[in-house]
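Enquirer: model this:
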Amino acid sequence: MSSNWFKRVKEGITTSTKEKKETPEGLWHKCDKCKTVYTLQEIQKLYWVCDRCSHHGRIGSEEYFQILFDDGKYKELDAKLTSGDPLDFEDTKKYTDRVKATIKSTGLYDAIRTAAGKLDGHDFVIACMDFDFIGGSLGSVMGEKIARAIDHAIKINAPFMIISKSGGARMMEAGFSLMQMAKVSGKLGQLSEAKLPYISLLTHPTTGGVTASFAMLGDLNIAEPEALIGFAGPRVVKETIGRDLPDGFQTSEFVLEHGFLDYIVHRGELRDKVALSLKLFRS
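Expert: The predicted model follows:
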């Protein structure tokens, strides 16, 4: 019997192992909750929401602008406003170096973008946070951009919306960060005096000083499903009070049940629900 029967003398119809390539990055998306795999095109059409388990994947400002503004068209406000280093903060990596590196890696200039456009044919202004930029942290630039966006909303007589996803105040700016809580809250008071509605959308996660201030000051406070919403994280709360926490603690469903939200909205219905809410305000 020929030993060649048990040996491959020619390449088969499949590519040899050494020539196989890994699947290119960026073509596939795996649901963080149920691990269902989608092509990039499929998950984009679903607004980055898993149609098996309804898990809402984290998206950035550009995706929200495309969802909310008519035809995805908008004008960005104060696009290149960047943070300084008022406290000369030095850690393992100098703050200014980290900011520059984050700008280069993300293409963003800070943790929030502001834009004006149309929603359902009416002027609308949105400030949306990007978690990829130092955890969506609240610093002097974020406060200033929100304040200027509110001024613009008042100028053009438009409703205003903040989409929050943040780990809280940016520690590298210390007191300057904390001052933004009062600054933005004061500006929202001016928006109210102008009789213009403010809608606050809380997404995963919304924590720290953002939750403790303007994220909870909306004429309408709404949230995406299963978003983490709270001041301190569940672990810190549990260690502080020394008690086990109830199931689903600090999820948007828990916060809604306890009266801090007006409604929870699926991302696929976000545009229509916001448009309907604004119609009710106008009427």
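Enquirer: which positions in stretch 263-273 come out as buried?
Expert: Going by neighbour count (16 or more other Cβ atoms under 10 Å), the buried part of stretch 263-273 is 264-265, 267, 270-271, 273. (Each C-beta comes from the backbone N, C-alpha and C, glycine too.)
Enquirer: out of those residues, list just those in strands.
Expert: If you go by DSSP state E, the buried residues of stretch 263-273 have I264 in strands.
Enquirer: would you mind putting the buried residues of stretch 263-273 into TSV with pLDDT and distance to S252 alongside?
Expert: Formatted as TSV, these follow (pLDDT from 0 to 100; distance: Cβ to Cβ, whole Å):
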residue	pLDDT	distance to S252
I264	97	5
V265	97	10
R267	96	12
L270	97	13
R271	97	19
K273	97	14
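Enquirer: I'd assumed G268 was in contact with L46.
Expert: Yes. Under the criterion of Cβ atoms under 8 Å, L46 makes contact with G268 at 7.4 Å.
Enquirer: which members of the buried residues of stretch 263-273 define the maximum pairwise distance?
Expert: The span of these, defined through Cβ to Cβ, is set by I264 and R271 at 15.5 Å.
Enquirer: so what would you say the end-to-end distance of stretch 106-122 is?
Expert: Separation of the first and last residues of stretch 106-122 by Cα to Cα, to the nearest Å is 31 Å.
Enquirer: buried set for it?
Expert: For stretch 106-122, the neighbour count (16+ other Cβ under 10 Å) marks 108-117, 119 as buried.
Enquirer: for stretch 201-221, measure first residue to last.
Expert: One end of stretch 201-221 sits 6 Å from the other (Cα to Cα).
Enquirer: again with stretch 165-180
Expert: Stretch 165-180: ends 16 Å apart by Cα to Cα.
Enquirer: likewise stretch 125-138?
Expert: Start-to-end span of stretch 125-138 (Cα to Cα) is 19 Å.
Enquirer: tell me the mean pLDDT for that stretch?
Expert: Averaged across stretch 125-138, the pLDDT comes to 96.
Enquirer: next one: it to chain centre, how far?
Expert: 6 Å (Cα atoms, centre = their mean, to the nearest Å).
Enquirer: stretch 249-257 too?
Expert: Averaging C-alpha positions (Cα atoms, centre = their mean) puts stretch 249-257 18 Å from its chain's average.
Enquirer: what of stretch 185-194?
Expert: Distance of stretch 185-194 from the chain centroid (Cα atoms, centre = their mean) equals 23 Å.
Enquirer: and if you look at stretch 75-95?
Expert: Its chain's C-alpha centre and that of stretch 75-95 lie 19 Å apart, by Cα atoms, centre = their mean.
Enquirer: for stretch 236-249, same thing?
Expert: Distance of stretch 236-249 from its chain centroid, counting by Cα atoms, centre = their mean, is 25 Å.
Enquirer: whichever strand or helix holds I150 packs against which elements?
Expert: Taking DSSP states H and E as the definition, I150 sits inside helix 140-156. In terms of contacts (3 or more Cβ pairs under 8 Å, 6 or more residues apart in numbering; DSSP states H and E), helix 140-156 is packed against strand 74-77, strand 112-119, strand 122-129, strand 160-166, helix 174-193.
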